[in-house]
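> okay, structure incoming, though there's no sequence with it:
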């Protein structure tokens, strides 16, 4: 697998394709049309690649950044950027990916535009629904992944224990060991 899906949520994992946003040089996991096709397939949104073009990649990155801007605004309880709002609503207004039942089971094929519409609709469901109050950003300094915190008491700190949580805990353990050795 080329991509990671720590949130288990389509829109939030999509905005996470730009990793370490605050670093001087963030890592963009959507570096080519092929990587965009791979993200849609690996996310489970589609079963086959949609043959994305360079223009589709530009549109996907614009959608990703618009969703991120709206998520951050929601987390800060500030107003939404009108351009970001318009872009997400425009994408969501297009036909989304449609599953089909075949002799072999369920199969979903979609154009890049349809796949992006599905992502935009998921973002609208989060931002406009009851889950919006559960939005949080990972506290590991090198990570900027946004996730939904449904933990008891809302005290979850990391996007995923397997990645960021274990790194933070291991670093804290090593720091305690160094202090104890002095």
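All right, it came through fine. Treat the numbers as computed from the prediction; the structure is a model and nothing was measured.

> rest of the way, CA atoms for contacts and neighbours
Will do.

> ok, now how distant is the residue nearest to residue 98 when sequence neighbours are not counted from residue 39?
Excluding the flanking residues, the one nearest residue 98 by Cα to Cα, 6 or more residues apart in numbering is residue 108, at 6.0 Å. To residue 39, residue 108 is 14 Å away according to Cα to Cα, to the nearest Å.

> do the same with residue 157
25 Å.

> looking at these two, which is more packed in?
Between residue 157 and residue 39, counting by other Cα atoms under 10 Å, residue 39 is the more crowded of the two (24 against 17).

> quick check: which element contains the residue nearest to residue 98?
strand 105-109 (DSSP states H and E).

> which parts of that strand are buried?
Buried residues in strand 105-109, counted by 16 or more other Cα atoms under 10 Å: 108-109.

> mind checking which helix or strand of this structure has the lowest mean pLDDT?
helix 166-181 (a mean of 71; mean pLDDT, DSSP states H and E).

> before we move on, what SS does the spatially most central residue of the chain have?
In the chain, the centroid-proximal residue (Cα atoms, centre = their mean) is residue 13; its distance is 2.1 Å. Under DSSP: H, G, I helix; E, B strand; the rest coil, the three-state class of residue 13 is helix.
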